[in-house]
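In: here's a sequence, model it:
(chains A and B)
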Amino acid sequence: MPEETERIVVSGMGLITALGKGCTAHLAALKLQKSGLRHPKILQTIHAAEFMLGEVQLDDAYMMSFLGIPTEKKGYSRTTLISLYGMADLLDSVDLSWLQKQEKLAFINANTVGGMSTVENLYMEMISDRIDEETDQWIDTVDCAESTEFVARFFGLKPAMATISTACSSSANSIIVGARMLQHGLADVVVAGGGDALSRFTLNGFHSLKNVDREACKPFDQNRNGLNLGEGAGYVLLERESTARARGANILAILSGYSNHNDAYHPTAPSPDGSGAVRTMLGALEHAGLPPESIHYINAHGTATLNNDHAEGLAIQQLWDGNPPAFSSTKPFTGHTLAAAGVVEAILSIVAMNEGMIPPNLNWTTKMEELEVAPSTLPKEQNIDHVMSNSFGFGGNNVSLIFSKA
Amino acid sequence: MKQPLYIKAAVAISPQESFEDSKFLKPIITSNNGKLFAIDAAYQQYISPVAIRRMSRIMKMTISCAMEALKRATVATPDAIITGTGRGGVTDMEHFVKDMIRLEEGAMNPTAFIQSTYNSPNGWIAMQSKCTGYNQTYVHRGSSFELALQDAQMLAAETKNPINILVGCFDELTEDYYHIRRKRGYWKNPAVASDQLYKHPELKGTIAGEGTTFFVLSNQKEGTFCEISNLKIVYRATAEIIANALQELLSEENLRVEDIDIALVGENGDSTQALLYEGVSATLEGVPTLRFKHLCGEFDTASGFATWYAAYLLAEEKSPALRRRNLVLINHYILGSASLIFLKKTSFLEATF
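Out: Take a look at the predicted model:
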């Protein structure tokens, strides 16, 4: 690595969530306080009437026709379709032919359950002795790399590739790995992000952990009762600052710091005193060379589970000595999009920074007993120079990212 | 990427007796049914009785292998933990899917769900070794282990301080997995004996395997005998691209072909996939070449086992007179990726791992 590491910039963003496609739709929803949560209409689950989910409001056939794929084609899992759709949104502002020409392009994707959204419906057929060509076309979608390979192939890209799976921090890790590959000269242009589709597998998984709220989630509220799962995909274009400036790219933000730490505490719960979250946020501040008070907004992980909000809230309170910057969780808008959450929230953080607006923490009414601090609950105009985005996952996989104004 | 990673310890749980180096290949363990299952170790030595009861086999295997690697390196707490897995906890995934279907999404036990999460072993290893440092899990099919290694190379280059990185990989073979992939033509049908793997080019496919491998890697040379010096990851493998990658590697290492003492290649008995090695075979003509997939079977992270085997071969090389110090490992995976890993013996004094 060069002695002086160069700054990494964000020069493109694209996303799809329950709020729709693209940054403009997301900013409008944040301003209007319009949540994307609903009872699922596309996911076929017996729990449909029970749970609110952040479902992308486009069915597979619609996405296929938007992408120009004949709807009778098999082997396109919903995970892949959502990832393609998120990439298509990035390509609204990034020239595809330029991307295709890049000799040192890397595509760092993230995913938690691969094509499970489809596989779970075909599984018994797959393990039967029957050879069914139609079903068997889905076999390769079981693994996490399928959507990565598919997206690259579909758009005619020939990148170095990686797929990351660290639960809820997966795509935040894509951003870190992509940035480091740029610094080491392993890539000149990076597309980093992730995508996950809702599946009965994950819904029942989180339900079995008693972590799912039946109503819209209430992050950092005394009466919070769990998370709402969501689905979506997001991708950012990352470059070294010099290459981006040289080609006259529209620089949207500077990735000024990041940090990856493990809690080393429990398989599914964070360290209750918030020490893991403190370590991670502090690590990102140190990496950025910024004091805590320079952060003007924290997009919290804020899942609205009892454990996360307790630990993360304490950590924010402690690190900022009881006087933190505005913070909020945007998960009541999108649901918890798992592998996509890190990049989706990184993009929302950058959108908020460039707009000069603190996104509201919906559904908050009652301060948590354990906390002296409370989230920002209404959209608020405010200058933001530096923003922190937190992603804290199962397995203790914690990531904090800091973006600064370009 | 050219960046040395010095091997402080290497441990493999594989279908061979690899966990104890002294027993390795004495004799070669074979199977006749197309499946090479890993030989279990004494997992209860590494995991508490309370925790081990609910753990699936791949969790036990992975955690034990990682903890043994740390023990042999005399590193209590590594600075980072990076793993690669193509398929993660397959048994747990199957268990949870089948429960969900059988119980019609009724009351389900979360244990299998938690353990099916790809980063679950990483979390456990971090917890047991009290490692709050960098933690990453790559899940990119046949490149998973290589991506973990590449990340370790970046970490090693990012600091001037001594650093110990625990790098590993894990994949398990299940009956369902074997059955499903048979429909995709992965395996020789009828199955062949593992020691006859390369003798049936008329049958398409290969044999299935599994295993877990862990390394403690450092940027400090002292006390080590061998380094992983260079790594090339190939995504859309053709014979030509692999051959070019080998030339690039040789030039980066400032070596001629005749300087390579051993080539370890991942041919898996499938004659169409063997074509991928045509270019490098021509380049490496005259270089002693060994194959390894008759020992471990084919799986996404077989290159992890092969890297262990490479280090083992260099450790066995006790005589400086023989001067065998340069080993290149060339592997491919069924779904179209390949990799080249270059290992170099750095000391004949420290010959154990």
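In: what about the closest residue to chain A within the stretch 201-350 of chain B, how many residues nearby?
Out: Closest residue of the stretch 201-350 of chain B to chain A, Cβ to the nearest Cβ: residue B:235 (5.7 Å). C-beta: built from backbone N, CA, C; applies to glycine. Residue B:235 has 20 neighbouring residues, counting by other Cβ atoms under 10 Å in any protein chain shown.
In: touching, it and residue B:337? I think so.
Out: Yes - with contact defined as Cβ atoms under 8 Å, residue B:235 counts as touching residue B:337 (5.7 Å).
In: now the closest residue to chain A within the stretch 51-200 of chain B: how far from residue B:59?
Out: Closest residue of the stretch 51-200 of chain B to chain A, Cβ to the nearest Cβ: residue B:123 (3.0 Å). Computed with Cβ to Cβ, to the nearest Å, the distance linking residue B:123 and residue B:59 is 10 Å.
In: tell me, how many neighbours does residue A:338 end up with?
Out: Count around residue A:338 with other Cβ under 10 Å applied: 32.
In: who's in contact with residue B:95?
Out: Going by Cβ atoms under 8 Å, 6 or more residues apart in numbering or on different chains, residue B:95 touches B:56, B:112, B:116.
In: quick one: which of those residues has the most company?
Out: Neighbour counts for these peak at residue B:116, which has 25 neighbours (criterion: other Cβ under 10 Å).
In: ok, it - contacts?
Out: Per Cβ under 8 Å, 6+ apart, neighbours of residue B:116: B:88, B:89, B:92, B:93, B:95, B:96.
In: try 7 Å
Out: Contacts for residue B:116 (Cβ atoms under 7 Å, 6 or more residues apart in numbering or on different chains) come out as B:88, B:89, B:92, B:93, B:96.
In: in chain A, which spans are helices?
Out: Ranges of helices in chain A, per DSSP state H, are A:23-32, A:60-67, A:78-90, A:96-101, A:116-127, A:133-136, A:145-154, A:170-183, A:200-208, A:241-246, A:275-288, A:306-319, A:331-334, A:341-355.
In: report the central residue of the chain.
Out: All of this refers to chain A. Per Cα atoms, centre = their mean, the C-alpha nearest to the average position across chain A is that of residue A:341, at 2.2 Å.
In: not quite, I wanted chain B
Out: Taking Cα atoms, centre = their mean, chain B has its central residue at residue B:304, 1.3 Å away.
In: pretty sure that one contacts residue B:171?
Out: No - using Cβ atoms under 7 Å, residue B:304 is not in contact with residue B:171; the gap is 8.6 Å.
In: quick one: contacts of stretch A:348-366?
Out: Against stretch A:348-366 from outside (Cβ under 7 Å, 6+ apart): A:10, A:13, A:23, A:26-27, A:30, A:33, A:35, A:216-223, A:252-253, A:297, A:299, A:326, A:328-330, A:332-333, A:375-384, A:387, A:389, A:403, A:405.
In: buried among these? Make that a ChimeraX selection.
Out: Selection of buried members from the contacts of stretch A:348-366 for ChimeraX, criterion 16 or more other Cβ atoms under 10 Å in any protein chain shown:
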select /A:10,13,23,26,27,30,35,216,217,218,219,220,221,252,253,297,299,326,328,329,330,332,333,375,376,377,379,384,387,389,403,405
